[in-house]
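*Asks:* Below are the sequence and a predicted model; questions follow.
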Amino acid sequence: MEPLRVENITVAYHKKPVLIEVSFAVPEGKLISIIGPNGAGKSTLIKSILGLVPKASGHVEIYGKPYSKQRKLIGYVPQRGEVDWDFPTNALDVVLMGRYGHVGWIKRPSKKDIAYAEECLEKVGMSAYAGRQIRQLSGGQQQRVFLARALAQDATVYFMDEPFAGVDAATEKAIISILNELKNQGKTVLVVHHDLQTVTEYFDWTLLLNKRLLEAGPTQEVFTVENLQKTYGSRLAFLEKGTASINQS
């Protein structure tokens, strides 16, 4: 059974379509990129799947059941720009938020939950910053903390919105290492991604999106010059030996 099936999702903001009849299913245990130009609806697609923005039509199934019944199977890493970094909390407390789906919002986290959160911080190389206020962390460190929070959710299907944006090379290497570890555990990870140069290196499957879903399938099959031109149009700045760059201006 597929970990995720999306049927005919349409989303409109102020009556202007952002996503139009998007349908796809993804295989289990894969790293999956969602790529497309700015304004293509990539973040909106994730948010509509998670019920964070209203859908005009369509529905979502996680392992054959409605998303509302499968929330505990889901982990989510939002864009850094959507997080209130001035909120007075430290790195460990942020990661512990990932345990609330298991312990509930009323109960206090147990010693076992705290130990698990600390283990997740260690996995992302942030143990030394457990007591540091999140606003005092660098952008890459903040991203690692939110990745640790997703790990603490102990999910089966993960959604990550541009986790590599604005991070240094060491953090990017650490993130992809963790994503591969999740994949090796049989978990499914969908990532909004903008760097076309690393798509074939990082991802098994790829969704090409520009308001409509243009292609979906194994990266080696769908990540072609023809499909990229169809997706990006004139924004595709150059093509060389199967690689591409995007003019975002």
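*Replies:* Right, received. Where do you want to start?
*Asks:* now the strands for this protein?
*Replies:* Ranges of strands in the chain, per DSSP state E, are 4-13, 16-26, 31-35, 57-62, 65-66, 74-77, 157-161, 188-192, 205-210, 212-218, 236-240, 243-246.
*Asks:* Looking at those strands, spot the one closest to Q143.
*Replies:* strand 74-77 (8.0 Å; Cβ to Cβ). (Each C-beta comes from the backbone N, C-alpha and C, glycine too.)
*Asks:* Other residues contacting the closest one?
*Replies:* 46, 50, 62, 67, 98, 143, 146-147, 149-151, 153-161, 163 (Cβ atoms under 8 Å, 6 or more residues apart in numbering).
*Asks:* Swap in 7 Å and give it another go.
*Replies:* 50, 62, 146-147, 150, 153, 155, 157-161, 163 (Cβ atoms under 7 Å, 6 or more residues apart in numbering).
*Asks:* and the residues you listed, which are buried?
*Replies:* I62, F146, L147, A150, Q153, A155, V157, Y158, F159, M160, D161, P163 (16 or more other Cβ atoms under 10 Å).
*Asks:* The third one contacts K123, correct?
*Replies:* So the one you mean is L147. No - with contact defined as Cβ atoms under 7 Å, L147 does not count as touching K123 (8.6 Å).
*Asks:* which other helices and strands contact the longest helix belonging to the chain?
*Replies:* Taking DSSP state H as the criterion, the chain has its longest helix at helix 169-184. Helix 169-184 is packed against helix 139-152, strand 188-192, with contacts defined by 3 or more Cβ pairs under 7 Å, 6 or more residues apart in numbering; DSSP states H and E.
*Asks:* So which of the ones you listed is nearest L4?
*Replies:* Of all the helices and strands packed on helix 169-184, strand 188-192 comes closest under Cβ to Cβ, at 6.8 Å.
*Asks:* Just checking: what are the partner strands of that closest one?
*Replies:* According to DSSP bridges, strand 188-192 has the following sheet partners: strand 31-35 (parallel), strand 157-161 (parallel).
*Asks:* May I see the ones you listed organised as a markdown table, with distance to T224 and mean pLDDT added?
*Replies:* Shown next, in a markdown table, are the strands paired with strand 188-192 (distance: least, Cβ to Cβ, whole Å; pLDDT from 0 to 100):
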| stretch | distance to T224 | mean pLDDT |
| --- | --- | --- |
| strand 31-35 | 13 | 98 |
| strand 157-161 | 24 | 95 |
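*Asks:* ok, the residue nearest to Q70 when sequence neighbours are not counted to L50 distance?
*Replies:* What sits nearest to Q70 in space, not counting adjacent residues and going by Cβ to Cβ, 6 or more residues apart in numbering, is I62, at 3.8 Å. As judged by Cβ to Cβ, to the nearest Å, I62 and L50 stand 10 Å apart.
*Asks:* Look at the nearest residue to D113 once chain neighbours are set aside and say how many residues are nearby.
*Replies:* Excluding its sequence neighbours, the residue lying closest to D113 (Cβ to Cβ, 6+ apart) is R99, at 4.5 Å. Using other Cβ atoms under 10 Å, R99 has 22 neighbouring residues.
*Asks:* what's the most centrally placed residue in the chain in contact with, if anything?
*Replies:* Nearest residue to the geometric centre of the chain (Cα atoms, centre = their mean): M160, 1.3 Å. For M160, the contact set (Cβ under 7 Å, 6+ apart) comprises V77, V189, V191.
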